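A.B. asks: generate a structure from the sequence data that follows.
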Amino acid sequence: MAKLTLTTFMTLDGVMQAPGGPDEDRTDGFAYGGWSVPFVDEEFGRFMDGVFGRVDAFLLGRRTYEIFAAYWPHVTDENDPVASRLNALPKYVVSRTLDKAGWNNSTVLGGDLAEDVGRLKQGPGEEIQVHGSARLAQSLIALGLVDELNLLVYPVFLGKGRRLFPEGGSPTAFELTGHRTTSTGVAIHTYRAAGPARFGTFALGE
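C.D. replies: The predicted structure is shown next:
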């Protein structure tokens, strides 16, 4: 059974919207696009190369899919570890508005999310990856479908923007399985899903 992993860039206050450029996503008047770019270094590149080096398929939200489809097909270097996999491997885009997806090896999923993702996880391959895709990521976490999180936390506070963990989510526990810090201060944490959140008390007993 394939595991579903989510890799997300996020600020100290949990914003994940438009990390790659000013016009990536201006939804709700977001004016801080491109906030992750000043922190790119070699350690970040090595980590992301490793992530893309083990992927078998991609699961993307419509907005992220369209951003990727407008850029990566034009990167034709077969040795590029990101472009080579994004352009060749299966891509599943979750959308109720798209009729078709023109990027090579792309399929639109417009049915029940839990059923569609369950079938993907039962299919061939070992790892299905979600990148960005804020609303899709929130839904997958709420449904308990995410097996592993890669959270890249950047040393910047924005004060507004779409967040990965909104209020109202199901309390869930995760186990830290890896961590590192880049030269620019990006804290990279890898977590494995560990069931429902557990609770206790510091109150003194009688």
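
A.B. asks: where does pLDDT dip in the protein?
C.D. replies: 206 (pLDDT under 70).

A.B. asks: tally of neighbours for Leu113?
C.D. replies: By other CB atoms under 10 Å, the residues close to Leu113 number 17. All C-beta spots, glycine's among them, are computed from the backbone N, C-alpha and C.

A.B. asks: quick one: the closest residue in space to it that isn't next to it in sequence from Glu115, how far?
C.D. replies: Using CB to CB, 6 or more residues apart in numbering and skipping the chain neighbours, the partner closest in space to Leu113 is Ser139 (5.9 Å). In this view, Ser139 and Glu115 are 13 Å apart by CB to CB, to the nearest Å.

A.B. asks: which of those two has more neighbours?
C.D. replies: Using other CB under 10 Å as the criterion, Ser139 and Glu115 rank with Ser139 on top: 16 against 10.

A.B. asks: just checking, what packs against whichever strand or helix holds that one?
C.D. replies: Taking DSSP states H and E as the criterion, Ser139 maps to helix 134-142. With contacts defined as 3 or more CB pairs under 8 Å, 6 or more residues apart in numbering; DSSP states H and E, helix 134-142 has these neighbours: strand 3-10, strand 57-61, helix 113-122, strand 127-131.

A.B. asks: for the third one, the distance to its chain's centre please.
C.D. replies: By that I understand helix 113-122. Relative to its chain's centre, helix 113-122 lies at 17 Å (CA atoms, centre = their mean, to the nearest Å).

A.B. asks: quick one: the residue nearest to Leu113 and Ser183, what's the gap?
C.D. replies: Remark: distance between Ser139 and Ser183 (CB to CB) = 35 Å.

A.B. asks: try Ser36
C.D. replies: The span separating Ser36 from Ser183 equals 15 Å under the rule CB to CB.

A.B. asks: would you map the strands across this protein?
C.D. replies: For the chain, applying DSSP state E gives strands covering 3-10, 57-61, 91-94, 106-109, 127-131, 148-153, 172-181, 187-196.

A.B. asks: so how far is stretch 126-138 off the chain centroid?
C.D. replies: The answer for stretch 126-138 is 4 Å, by CA atoms, centre = their mean.
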